[in-house]
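1. 3D, please:
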Amino acid sequence: MSNDVWGTPVVADGTLFVSSFEVHALDIATGQRRFKTRDVAWATAVCDGRVHAADGPHLYTLDAADGTERWRRTLDGWIYSLDGAAGAVCVGVRGGGVQVRSAADGTELWRAAGAQQDYETPQSGPALVGDSVYYYGGGLLRAADLRTGRVRWTVAVGEDVPARPVERDGTLYVTAGTRVMALDAATGAERWRFEAPVVLFTPPALDPDTAGHAPGLTRTAPGVYVADYLGTLYALDATTGRPRWRGRTASRQGAEPVVVADGSVLLASGETVFAFDAADGRELWRYGARGEVVGSPAVAGGLVHIGSRDRSLHTVDLATGRLRWELGTKGELTGSPVAVDGRVFVGSKDRCVYALDSVYGTAIPDDPQ
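-> Below you'll find the predicted structure:
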């Protein structure tokens with residue numbers, strides 16, 4: 001596909017959505033382009049059969065099947081973050097604004113002011129989780145009703161902007177500064193708190209649901225995994241917050257979350273991916289690329305796909321860390337790889353999207369547009 005590719009691909013309903021200056025929708029089986037947006041898309045969200053995008057002050061929604069524009073609205077500010085689910089679209093507007101609109105027709109459901117004005121990034125913007133919108137401002141994390149905007153509760157978190165929270169079984173897990181907090185999702189009551197020695201960069205990552213564990217895998221308790229900027233990996237008990245183990249990696253600049261899959265915990269630090277046993281923290285292996293790891297590794301089918309600034313996609317065995325295959329491109333990779341249905345997808349600044357057989361690394365023929 002001939003276009004500068006900058007973001008991590010998204011796969012939904014048999015379509016690969018790639019954000020460059022526009023959003024391109026490619027057939028996942030053939031690579032044939034189904035449509036592309038006519039406008040720039042600085043922020044995107046794909047959900048419920050729709051593609052939501054923003055070109056700055058304009059928010060617009062397309063049908064994910066054919067690209068037909070459903071609605072368009074002009075907001076009173078620059079949209080820096082975009083989230084969508086449950087029939088709603090939540091946006092962060094520079095200057096501390098939060099707006100929630102109907103995904104069906106763009107009707108405004110509610111708006112609020114007073115959100116953060118520092119660190120206005122897609123990762124720190126208002127987050128739509130379940131039936132709540134979580135946003136930070138004035139030292140407080142707020143939980144607002146998705147439909148009405150009524151603030152259900154607030155929790156003081158100080159001057160540290162929280163990372164995107166994660167909810168499971170009525171508990172909300174949040175990282176902010178040096179803290180990991182487990183909050184009652186309904187009331188905001190604190191269930192436990194863990195204090196790390198230095199600032200944590202990553203949002204919480206949780207053990208997969210029991211149904212997703214590999215056969216024969218035993219687990220004493222669900223885990224919560226976070227990492228600090230020095231590369232220390234913390235495994236916490238999800239019920240009590242007590243540390244289970246710590247793993248040592250290397251200093252890291254990015255805020256990509258820990259990856260948990262099939263009893264292994266993976267963390268990319270610099271040019272290296274480290275793998276630990278989720279039960280006891282024993283280091284299983286480490287794999288060094290020739291350049292800094294781009295985004296997060298993608299894990300599927302017993303394989304780990306790693307993008308690197310050496311312009312290559314590396315695929316290693318999850319159990320051993322041994323290289324299975326490697327593909328070099330002519331440009332720097334631009335986001336995390338995505339693995340689904342026996343294929344792995346990645347974008348490169350060589351103006352291409354690559355669709356590869358995940359086991360063999362062979363190219364899947366595309367239909368350039």
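2. which residues touch the nearest residue to A186 once chain neighbours are set aside?
-> Excluding the flanking residues, the one nearest A186 by Cβ to Cβ, 6 or more residues apart in numbering is G170, at 6.7 Å. Where C-beta positions appear, they are placed from N, C-alpha and C, glycine not excepted. For G170, the contacting residues are 184-186, by Cβ atoms under 8 Å, 6 or more residues apart in numbering.
3. And those, which of them are buried?
-> Buried members of the contacts of G170, counted by 16 or more other Cβ atoms under 10 Å: A185.
4. Out of the contacts of G170, list just those in strands.
-> When those are checked against strands (DSSP state E), the matches are D184.
5. Would you mind checking which of the contacts of G170 is nearest to S251?
-> Nearest to S251 among those is A185, at 33.2 Å by Cβ to Cβ.
6. Settle this for me: A205 is touching V259, isn't it.
-> Yes. Counting by Cβ atoms under 8 Å, A205 touches V259, with 7.0 Å between them.
7. what's the pLDDT at V89?
-> Here the pLDDT value assigned to V89 is 96.
8. host element of it?
-> strand 88-93 (DSSP states H and E).
9. Which strands and helices lie in contact with that strand?
-> Contacts defined by 3 or more Cβ pairs under 8 Å, 6 or more residues apart in numbering; DSSP states H and E place strand 88-93 against strand 58-63, strand 79-85, strand 97-102, strand 127-129.
10. Recalculate using a threshold of 6 Å.
-> Helices and strands touching strand 88-93, by 3 or more Cβ pairs under 6 Å, 6 or more residues apart in numbering; DSSP states H and E, are strand 79-85, strand 97-102.
11. partner strands of it, parallel or antiparallel?
-> strand 79-85 (antiparallel), strand 97-102 (antiparallel) (DSSP bridges).
12. Go through the first one and flag the buried ones.
-> Read that as strand 79-85. By neighbour count with 16+ other Cβ under 10 Å, strand 79-85 contains the buried residues 79-85.
13. Tell me where the model's unsure across this structure.
-> For the chain, applying pLDDT under 70 flags the ranges 1-7, 209-221, 364-369.
14. Domain parsing of it, as residue ranges.
-> Domain assignment for the chain, taken from automatic domain parsing, gives 37-162, 169-288.
15. okay if I get the ones you listed as CSV plus distance to G361?
-> Supplementary listing: the domains of the chain in CSV, determined by distance: least, Cβ to Cβ, whole Å:
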stretch, distance to G361
domain 37-162, 27
domain 169-288, 16
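16. Between those domains, which one is closest to C352.
-> For those, proximity to C352 was assessed by Cβ to Cβ; domain 37-162 is nearest, at 19.0 Å.
17. So in terms of bridging, what pairs with A275?
-> When bridges are called by DSSP bridges, A275 pairs up with L266, W285.
18. That one: neighbour count?
-> Neighbourhood size, A275 [other Cβ atoms under 10 Å]: 26.
19. and it, what does it touch?
-> 264, 266, 284-285 (Cβ atoms under 6 Å, 6 or more residues apart in numbering).
20. 7 Å instead?
-> For A275, the contacting residues are 264, 266, 284-285, 321, by Cβ atoms under 7 Å, 6 or more residues apart in numbering.
21. How about R246?
-> Neighbouring residues of R246 by Cβ under 7 Å, 6+ apart: 232-234, 281.
22. quick check, nearest of those to I306?
-> In terms of Cβ to Cβ, no member of the contacts of R246 lies closer to I306 than L233, at 17.0 Å.
23. Then the closest one would be within a strand, right?
-> Yes. L233: assigned to a strand according to DSSP: H, G, I helix; E, B strand; the rest coil.
24. rewinding a little: highest neighbour count among the contacts of A275?
-> L266 (25 neighbours).
25. Can you lay out the contacts of R246 as TSV showing neighbour count and distance to G92?
-> Compiled in TSV, the contacts of R246 are given as follows (neighbours: other Cβ atoms under 10 Å; distance: Cβ to Cβ, whole Å):
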residue	neighbour count	distance to G92
T232	19	30
L233	22	29
Y234	22	28
G281	17	36
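26. Which one of those residues is nearest to L16?
-> Taking Cβ to Cβ as the measure, L16 lies nearest L233 of these, at 31.3 Å.
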